[in-house]
Every structure is written in structure tokens, then in C-alpha cells.
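> Below are the sequence and a predicted model for it; my questions follow.
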Amino acid sequence: MGTVLGVTDGVDLNNQALRLERQGDLQGAERAHLEAIRVKEAGLGTDHFTTAVSYNGLGELYLKMGRLDQAEEYLNKALRVRSQSGPKVDLAVTRDNLGQLYEMKGDLKAAQEIRLQGAPDNIACGNYNCAKLSNTLSSLSRCSACQAVLYCSPPCQTADWKRHKKYCRRPNATAGQA
């Protein structure tokens, strides 16, 4: 019974968090994600792939809020679980989220490395809104300047440019950064 409640209540709370986030209530979304995690951990455990959905969702929210240390904590929790169970595409998405986090921290080498861990056949397009979540390395193109982000098409690269241009640097420009 606890498992059923953990999944049902947790999914409802995840959906509530997403609605609140779309409405601009990021603090309300955070509370809903944290409650979803509490419910899922109690009912399903910390290693269940459904719990990882909540870890990843909260990590994405913290990225949006600029709370990078907290984003990294929850995205790494999601990565740990998704590396062991659940759909491969979810793992690709979490790696790309971590790639975005490393971009925001100025570590383009780490961004590239985490994304390439999915090679040769499980890499997410760098455009968050792309419907093609899992791609082969050979089907993707890299950002020509920093090489840290991979895209499935020129329209996806164009769509992501508003986000990525804040962090994009040629490799020699990042050599002195930690």
C-alpha cells in the first residue's frame, strides 16, 4: 500500500510543482517538489527511479532559481539512481541538466564530459525543449565555439542560444578557469 501511495501522491505533487513553476511560483514549486521527495522516499525509497524524477525536477528548478549548489546536490542524486534503473532517456536528460549546471559554473570541460558519458547512443539534445531526448553521438553537432553542448539540429541550437550564449567560451578562453 505504501508503494502505491508513494507513487500516486508523489506524481500528484510533481504535477503540482510543475504547474506552480509555470505560473511563476518558484517557492511553491520548491515546496511541492520537496514534499514529493519526502513522500516518495518514505514509500518507495531513495533508489527508486520514480524518486529520481523528483530529484531531477527539483534540480532543474534550482537551476532556474540560480541555486547551483542545491541543483548539483539533487541532480547528482538523480544521476546516481538513473545510472542504475529507469529509462535510459531519463539518464541522458539528467546528464544534460548537469552539463547546464557546469556551464553556469564556468566549467565547460566538465559540461562536455558529463554529456559525453552517454556516448555513443544516449545523449540528450542541449535544447531543453527538444522532443528528441536521446540521440546518438554521430547524429549530434557540437557548439562550434565551446564544444561543450550537443544539438540534434540547427533549429535546436538556435532555440538554446539565448541560454547558452551567457556561458559559451572558446576552449582557450576557459583554460585559466577552474
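In hand now; what should we look at? Numbers count the residues shown, from 1 in each chain.

> which residues in the protein form helices?
2-22, 26-43, 49-65, 68-82, 88-104, 108-116, 154-164, 171-174 (DSSP state H).

> closest one to K132 among the ones you listed?
helix 154-164 (8.1 Å; Cβ to Cβ). In short, each C-beta sits where N, CA and C put it, glycine included.

> still on that earlier bit, and the helices of the chain as TSV, adding mean neighbour count, mean pLDDT and distance to Q147?
Shown next, in TSV, are the helices of the chain (neighbours: other Cβ atoms under 10 Å; pLDDT from 0 to 100; distance: least, Cβ to Cβ, whole Å):
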stretch	mean neighbour count	mean pLDDT	distance to Q147
helix 2-22	16	86	31
helix 26-43	19	97	32
helix 49-65	22	97	21
helix 68-82	20	98	22
helix 88-104	22	97	12
helix 108-116	20	97	6
helix 154-164	15	97	12
helix 171-174	12	61	7
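
> Enumerate every residue touching D160.
126-128, 149, 151 (Cβ atoms under 8 Å, 6 or more residues apart in numbering).

> about what we covered before: and the helices of the chain as a markdown table, adding distance to S138?
A markdown table is the format used below for the helices of the chain (distance: least, Cβ to Cβ, whole Å):
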| stretch | distance to S138 |
| --- | --- |
| helix 2-22 | 33 |
| helix 26-43 | 36 |
| helix 49-65 | 26 |
| helix 68-82 | 23 |
| helix 88-104 | 15 |
| helix 108-116 | 13 |
| helix 154-164 | 16 |
| helix 171-174 | 22 |
